[in-house]
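S.K.: Quick one, structure for this:
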Amino acid sequence: MDTAVKYDIQMIKEEARHLVDKGLLSRQRPIYALCQYIPVRDWVFFELELEKNEYLLRDRIIDLLSSESWAED
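M.R.: Residues are numbered from 1 along each chain as shown. Next comes the predicted model:
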């Protein structure tokens, strides 16, 4: 059975945060860079959710992480 995952903007933000925290992606990369971590069959749903929330593929990943909190030094 081939079922596509339902993406919501919160899930996308959490995935971006996870990949940045693991050092797999830079905050400065375009959102499009996330496509290498999303199954090809799901990309259209992923992209539609981004568009619905007014994100462009050329926007930076840091735009998804706008609610970052910084630890005190």
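S.K.: which residues does residue 63 contact?
M.R.: Going by Cβ atoms under 8 Å, 6 or more residues apart in numbering, residue 63 touches 31, 55. (C-beta placed from N, C-alpha, C; glycine too.)
S.K.: for it, phi and psi?
M.R.: Residue 63 adopts backbone torsions of phi -60, psi -30, taken as degrees, to the nearest 10.
S.K.: which residues does residue 7 contact?
M.R.: Residues in contact with residue 7 (Cβ under 8 Å, 6+ apart) are 42, 45, 46, 49.
S.K.: SS state for the second one?
M.R.: Just to be clear, that refers to residue 45. Secondary structure, DSSP: H, G, I helix; E, B strand; the rest coil: residue 45 is helix.
S.K.: out of everything not next to it in sequence, what's closest to it?
M.R.: Counting by Cβ to Cβ, 6 or more residues apart in numbering, residue 45 lies nearest to residue 7, which is 5.2 Å off, once chain neighbours are set aside.
S.K.: now residue 27
M.R.: With sequence-adjacent residues excluded and distances taken as Cβ to Cβ, 6+ apart, residue 27 is closest to residue 62, at 4.0 Å.
S.K.: now swap in residue 34 and tell me
M.R.: residue 16 (6.3 Å).
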